[in-house]
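Q: Provided below are the primary sequence and the corresponding predicted coordinates.
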Amino acid sequence: MKILVTGGAGYIGSHTCVELLEAGWEVVVADNYSNSVPAVLDRVEAITGKTLQRYEADIRDRSAMDRIFEENEIQAVIHFAGLKAVGESTRIPLAYYENNVYGSVVLFESMAAHGCKNIVFSSSATVYGNNPIPYEETMPVGDVSSPYGRTKYFIEEILGDLYRSDPDWSISLLRYFNPIGAHESGLIGEDPNGIPNNLMPYISRVAIGKLPLLTVFGGDYDTKDGTCIRDYIHVVDLAKAHVCAVRKLMDGSGLQAYNIGNGKGYSVLDIIHAFEKASGVKLSYVIGDRRPGDLPAFYADASKANRELGWCAALDIDKMCLDTWNFQTKNPDGIH
Ligand code: NAD
Ligand code: WQD
């Protein structure tokens with residue numbers, strides 16, 4: 001049983017490849033390595049002791065996608081490939097629409113042409129915008145604050161239209177909250193190029209001395225300590241959710257959205273303190289201005305994934321920090 005993983009060399013994709021291989025699936029990766037390196041896949045193989053098949057391929061390239069389906073009997077696709085930097089998407093929105101939305105359409109066309117109608121799509125909690133917490137799947141989506149977030153919303157809508165046009169499709173929209181952490185081997189983890197945008201990789205680079213200081217974006221929110229609240233989820237828990245979602249697709253589950261989060265909210269200061277405890281390093285930080293577009297607080301109601309996929313998050317915030325630090329110290333210069 002073969003699964004095509006687009007973007008499989010990336011942060012979440014690589015952890016998902018590990019879980020798929022360990023669960024006994026055959027894995028085919030398509031990645032253009034625009035935000036990753038092939039060595040990550042060597043590490044996936046080292047962790048699992050299994051091999052995967054790889055294509056250096058761009059999802060926007062229809063003939064490259066067709067070739068993969070022609071050379072492999074693919075049962076389902078897990079679609080991670082995409083650009084993901086929120087700030088960058090406000091500066092170069094067309095690149096985001098072209099890569100994420102157009103690329104997804106090309107992929108779906110190729111799937112349809114080859115009769116593969118099972119897909120798990122990497123969506124995001126960002127599609128909910130400003131809603132009451134905890135976020136539930138039945139809440140309205142689309143009030144999104146960035147072009148990046150809108151690409152996720154549009155792709156969800158495209159998949160919805162596809163399903164309504166042909167109910168033979170089985171589509172799982174996984175709305176991730178804030179993935180952090182790394183595989184406990186320390187071989188794979190989050191390895192952003194340049195200065196990180198997200199909290200955890202930033203903290204980790206401050207802790208190892210590659211960045212001087214963390215700025216906490218806002219200390220005057222109406223939250224328990226004035227800093228923003230998010231739902232952090234260990235990337236290995238998130239990866240396991242994909243294995244559960246793929247299994248469910250095989251039952252012909254139709255079109256479903258699932259929140260994939262811990263269901264717990266942690267503040268920025270909670271994360272800083274947990275990281276200090278896990279690493280033994282005192283972090284230098286200052287409280288700065290709010291970051292435009294940040295919501296004060298959100299976290300998931302993940303009970304639907306628990307009920308229908310049999311999945312729930314198992315790893316706590318201490319483990320997330322410990323594994324992040326382990327990856328950082330074992331790979332001070334990233335993965336080459
Ligand atoms: P990542 O950048 O580490 O992984 C994405 C992978 O896709 C990379 O290996 C990149 O080289 C590849 N890629 C990009 N465009 C491609 C294209 N046109 N063709 C082929 N490969 C391409 O990102 P990630 O953090 O692993 O995120 C994976 C997915 O999950 C993305 O779609 C992202 O938007 C979504 N997501 C991420 C987060 C998060 O916080 N990391 C949260 C919610 C949703
Ligand atoms: C977390 C908290 C910041 C950096 C983003 C995307 C979202 C999803 C996950 C893809 C916030 C604070 C951060 C820093 C800080 N990705 N922070 N100093 O913004 O919740 O979500 O990643 O789909 O779409 O928007 O994550 O890690 O950037 O921020 O104080 O240097 O940390 O204000 O409260 P965010 P984040």
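A: Yep, that arrived. This structure is a prediction, so every number in the text was calculated from the model and none was measured. Numbering: from 1, shown residues only. Ligands and ions are numbered 1, 2, ... in the order given.

Q: Am I right that residue 173 sits in a strand?
A: Yes: when classified by DSSP: H, G, I helix; E, B strand; the rest coil, residue 173 is found to be part of a strand.

Q: my guess is it meets residue 260, correct?
A: No: counting by CB atoms under 8 Å, residue 173 stays clear of residue 260, with 10.1 Å between them. For the C-beta atoms, the positions are set from N, CA and C on the backbone; glycine is no exception.

Q: the more surrounded of these two?
A: The neighbour count for residue 173 versus residue 260, taken as other CB atoms under 10 Å, is higher for residue 260 (29 against 24).

Q: what sits opposite that one in the beta ladder?
A: Per DSSP bridges, the residues bridged to residue 260 are residue 176.

Q: Tell me the spacing between the residue in the stretch 201-336 of the chain positioned nearest to ligand 1 and residue 84.
A: Relative to ligand 1, the nearest point of the stretch 201-336 of the chain is residue 235 (8.3 Å; CB to the nearest ligand atom). Distance from residue 235 to residue 84, counting by CB to CB, to the nearest Å: 14 Å.

Q: Spatially, which residue comes closest to the closest residue to ligand 1 within the stretch 1-150 of the chain, not counting chain neighbours?
A: Residue of the stretch 1-150 of the chain nearest ligand 1, by CB to the nearest ligand atom: residue 10 (1.9 Å). Of all residues not flanking residue 10 in the chain, residue 36 sits nearest, at 4.9 Å (CB to CB, 6 or more residues apart in numbering).

Q: residues in contact with that neighbour?
A: Residue 36 makes contact with 7, 9, 10, 11, 13, 14, 191, according to CB atoms under 8 Å, 6 or more residues apart in numbering.

Q: Report all helices and strands that whichever strand or helix holds the fifth one contacts.
A: Element membership for residue 13 (DSSP states H and E) is helix 11-22. Counting contacts by 3 or more CB pairs under 8 Å, 6 or more residues apart in numbering; DSSP states H and E, helix 11-22 is packed against strand 2-6, strand 26-31, helix 39-48, strand 74-79, helix 235-249.

Q: Nothing else from me, thank you.
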